[in-house]
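Q: Here's my sequence, what's the structure:
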Amino acid sequence: MARSSPILESARMEEYARQQTRDLLRRMAFQAGRTCRLQNEAAVHDLRVSIRRLQQCLRVFRQFLPSAPRKKLRQELKRVLDMASEVRNRDVALDILHQTEALDTQALQRILQDERRHSARTLEQELQKWSKKNQQRKWREKLDL
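A: Residues are numbered from 1 along each chain as shown. Have a look, this model is predicted:
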């Protein structure tokens with residue numbers, strides 16, 4: 001049985017890494033647009049998942065991607081993920097409050113809803129910048145995808 005050369009295997013792995021990164025970057029951009037439109041719990045959750053998957057891809061395949069752009073993208077993704085986490089944290093807290101039997105949670109619910117609206121607005125503004133600047137295309141070019 002013939003074995004393929006390590007160079008050929010490396011080239012296949014590099015192409016696979018680039019394809020996965022390209023797909024995950026596209027998915028994250030789709031989720032960013034969806035989150036801007038819907039701004040609901042599910043959209044924010046899906047955005048966070050897509051960002052975490054892309055971050056993991058950038059870590060796992062780091063040897064196949066240019067270092068400086070990869071690190072810069074990871075920083076940008078972390079910033080957006082932190083914004084999305086602020087929204088998601090309020091969603092979880094509100095869900096917990098809705099499930100409690102306590103009678104006097106209305107004031108806390110109002111505060112959390114106000115905080116969520118503010119966090120969602122901040123996230124939406126960031127995602128709109130991502131879209132307007134066509135960040136997906138920019139990162140594809142910088143990462144040689």
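
Q: before we move on, what SS does E14 have?
A: Following DSSP: H, G, I helix; E, B strand; the rest coil, E14 is assigned to helix.

Q: residue closest to the middle of the protein?
A: I51 (2.2 Å; CA atoms, centre = their mean).

Q: Run through who's touching the helix or strand harbouring that one.
A: Assigned by DSSP states H and E, I51 falls within helix 41-60. Helix 41-60 is contacted by residues 17, 20-21, 24-25, 27-28, 30-32, 34-35, 37, 65, 70, 73-74, 77-78, 80-81, 84-85, 87-88, 91, 120, 123 when judged by CB atoms under 8 Å, 6 or more residues apart in numbering. C-betas here are computed from N, CA, C, even on glycine.

Q: Also stretch 135-145?
A: With CB under 8 Å, 6+ apart, stretch 135-145 has contacts from 18, 21-22, 25-26, 28-29, 65-66, 69-70, 72-73, 76, 130.

Q: so where's the chain uncertain?
A: 1-8, 102-103 (pLDDT under 70).

Q: All the helices of it, in order from the start?
A: Under the criterion DSSP state H, helices of the chain are mapped to 6-38, 41-60, 67-99, 106-132, 135-142.

Q: quick one: the helix holding I51 to chain centroid distance?
A: 4 Å (CA atoms, centre = their mean, to the nearest Å).

Q: Highest mean neighbour count out of the helices of the chain?
A: helix 41-60 (a mean of 18; mean count of other CB atoms under 10 Å).

Q: Can you check what angle separates it from helix 135-142?
A: Put simply, helix 41-60 runs at 10 degrees to helix 135-142, going by axes from the mean of the first three to the mean of the last three CA atoms, to 10 degrees.
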